[in-house]
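S.K.: One predicted model, sequence on top.
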Amino acid sequence: MKTIGTLLSILLVYVFALNAEGQPTYDQRLYSSFITGNMTDWVKVLNEMELDLQKNLTPQNRFNLLHAQYGYIGYLLGLKQTDKAKKLIDLAEKNAEELQRVTAYKSTAYALHAALIAYRISISPFKAPFLGPKSSSLIDQALAISPNNAFAIIEKANARHYAPSVVGGNPVEAIELYDKALKLLRDANGGEHPKTWWYINAYTQMGLAAQKSGNITLAKKIYQNILSFEPNYKWVKEELLPKVKS
């Protein structure tokens with residue numbers, strides 16, 4: 001229970017910490033970038049977070065930067081900007097390795113490091129036999145430390161979602177894991193949908209996993225539910241939901 005409480009405390013600090021000047025927090029800005037698909041401010045946030053870390057080398061600042069880097073790498077890979085993605089993976093891995101030395105962040109750092117290795121595999125699939133087991137091992141270590149770590153569960157879900165079936169890929173299992181992580185994140189937010197980019201992205205991934213499993217009815221239901229609490233979410237509104245409706 002102690003590790004669960006620690007994780008939820010970290011989440012709440014990250015989500016609800018207010019800017020002293022009353023300006024939007026980093027997390028609010030990243031969320032806005034994510035739902036609109038306009039990633040310009042995401043880059044600005046990354047730069048500001050890097051400055052914050054240089055001024056104050058706290059685990060919280062390093063985690064904030066690492067998690068934002070992780071999200072932006074996924075965006076770069078979606079655009080096939082692999083050179084930029086590789087450079088950012090290198091930087092992010094150093095942050096993950098530093099956080100693995102901090103007890104309160106160890107589980108989450110393992111999970112995000114596993115995700116960074118998965119990104120490397122997506123860039124160079126021929127490395128999968130060597131890097132795949134390392135990524136899986138890091139997820140297992142993360143969950144051994146904190147079985148209800150939402151970040152670790154999401155990464156396990158991503159692994160089940162995107163890995164080939166011959167090495168453990170299973171979209172149905174992914175759906176169950178995403179659902180578990182989403183419930184944990186809602187519990188940490190008083191039962192409400194958190195307005196964080198990683199929550200809405202995990203929810204979207206659950207819909208994509210439903211599509212992959214052939215359960216179009218479930219995918220449609222997931223996308224409609226997402227829009228019920230975030231009607232301005234461009235990716236689902238303009239691309240994903242129309243596809244399952246057609």
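M.R.: Nice, thanks for sending it over. Source: prediction; values computed, not measured. Numbers count the residues shown, from 1 in each chain.

S.K.: buried stuff in stretch 83-101?
M.R.: Going by neighbour count (16 or more other Cβ atoms under 10 Å), the buried part of stretch 83-101 is 85-86, 88-89, 92-93, 95-96, 98-100. Every residue, glycine included, has its C-beta placed from N, CA and C.

S.K.: Contacts for that stretch, please.
M.R.: With contacts defined as Cβ atoms under 8 Å, 6 or more residues apart in numbering, stretch 83-101 is touched by 59, 62-63, 65-66, 69-70, 72-73, 76-77, 105-106, 108-110, 112-113, 116, 119-120, 123.

S.K.: Show me how to select, in PyMOL, the buried members of these.
M.R.: Here is the PyMOL command that selects the buried residues among the contacts of stretch 83-101 (16+ other Cβ under 10 Å):
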select buried, resi 59+62+63+65+66+69+70+72+73+76+77+105+106+108+109+110+112+113+116+119+120
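
S.K.: before we move on, back to that, closest one to residue 140 out of the buried residues of stretch 83-101, please.
M.R.: Closest to residue 140 out of the buried residues of stretch 83-101 is residue 100 (14.2 Å), distances taken as Cβ to Cβ.

S.K.: gap between the closest one and residue 109?
M.R.: Here residue 100 is placed at a distance of 4 Å from residue 109 (Cβ to Cβ, to the nearest Å).

S.K.: got it, and residue 42?
M.R.: Residue 42 is 21 Å from residue 109, by Cβ to Cβ.

S.K.: Just want the most central residue of the protein.
M.R.: Among the residues of the chain, the one closest to the centroid is residue 198, at 4.6 Å (Cα atoms, centre = their mean).

S.K.: Check which helices and strands the helix or strand in which that residue is found is in contact with.
M.R.: Applying DSSP states H and E as the criterion places residue 198 in helix 197-213. Helix 197-213 makes packing contacts with helix 26-36, helix 59-78, helix 150-162, helix 171-187, helix 216-229 when contacts are defined by 3 or more Cβ pairs under 8 Å, 6 or more residues apart in numbering; DSSP states H and E.

S.K.: repeat that for 6 Å
M.R.: Counting contacts by 3 or more Cβ pairs under 6 Å, 6 or more residues apart in numbering; DSSP states H and E, helix 197-213 packs against helix 26-36, helix 171-187, helix 216-229.

S.K.: And the last one, what's buried?
M.R.: When burial is assessed from 16+ other Cβ under 10 Å, helix 216-229 yields the following buried residues: 218-220, 222-223, 226.

S.K.: how far out from the middle of the chain is the following helix or strand past that helix?
M.R.: Counting by DSSP H and E, the element after helix 216-229 in chain order, helix or strand, is helix 234. Using Cα atoms, centre = their mean, to the nearest Å, the mean C-alpha position of helix 234 is found 18 Å from that of the whole chain.
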